[in-house]
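Participant: Give me coordinates for this.
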Amino acid sequence: MRSHVRASLQKRDLRDRVHVVIYAYENGLVARHEFHPDGRYRVHPFG
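Facilitator: You can find the predicted model right below:
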């Protein structure tokens, strides 16, 4: 598993898993969520 993760990071020129999250947000692979005090959230699309 570690070699697979390492190969994926190298392929995309990413240093670590934190950079994977940044990459995902910048490329629209995950949605942003707005959290509310009551525990519910709304999904905000990119754009």
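
Participant: And the helices in this protein?
Facilitator: Using DSSP state H, the helices found in the chain span residues 2-11, 17-26.

Participant: out of these, deepest packed?
Facilitator: A comparison of those by mean neighbour count, using mean count of other C-beta atoms under 10 Å, puts helix 17-26 on top with a mean of 12. Where C-beta positions appear, they are placed from N, C-alpha and C, glycine not excepted.

Participant: what does that one rub up against?
Facilitator: Contacts made with helix 17-26 from outside it, assessed by C-beta atoms under 8 Å, 6 or more residues apart in numbering, are listed as 5, 9, 12, 14, 29-30, 32.

Participant: how does it look with 10 Å?
Facilitator: 5, 8-9, 12-14, 29-32, 46 (C-beta atoms under 10 Å, 6 or more residues apart in numbering).

Participant: shaky segments in this protein?
Facilitator: Counting by pLDDT under 70, the chain contains low-confidence residues at 1, 32-47.

Participant: One more pass at 50, please.
Facilitator: Scanning the chain for pLDDT under 50 picks out 47.

Participant: what's the spacing between the nearest residue to residue 30 once chain neighbours are set aside and residue 31?
Facilitator: Setting aside the residues directly before and after it, residue 30 is nearest to residue 24 in space (C-beta to C-beta, 6 or more residues apart in numbering), at 4.8 Å. As judged by C-beta to C-beta, to the nearest Å, residue 24 and residue 31 stand 10 Å apart.

Participant: and if you look at residue 5?
Facilitator: Separation of residue 5 from residue 31 (C-beta to C-beta) stands at 23 Å.

Participant: Could you do residue 12 as well?
Facilitator: Distance, residue 12 to residue 31, using C-beta to C-beta: 20 Å.

Participant: what do you get for residue 11?
Facilitator: On the measure of C-beta to C-beta, residue 11 and residue 31 end up 24 Å apart.

Participant: Same check on residue 21?
Facilitator: According to C-beta to C-beta, residue 21 and residue 31 sit 13 Å apart.

Participant: and if you look at residue 16?
Facilitator: When distances are taken as C-beta to C-beta, residue 16 and residue 31 turn out to be 22 Å apart.

Participant: quick one: contacts for residue 9?
Facilitator: Applying C-beta under 10 Å, 6+ apart, the residues near residue 9 are 15-17, 19-20, 23.
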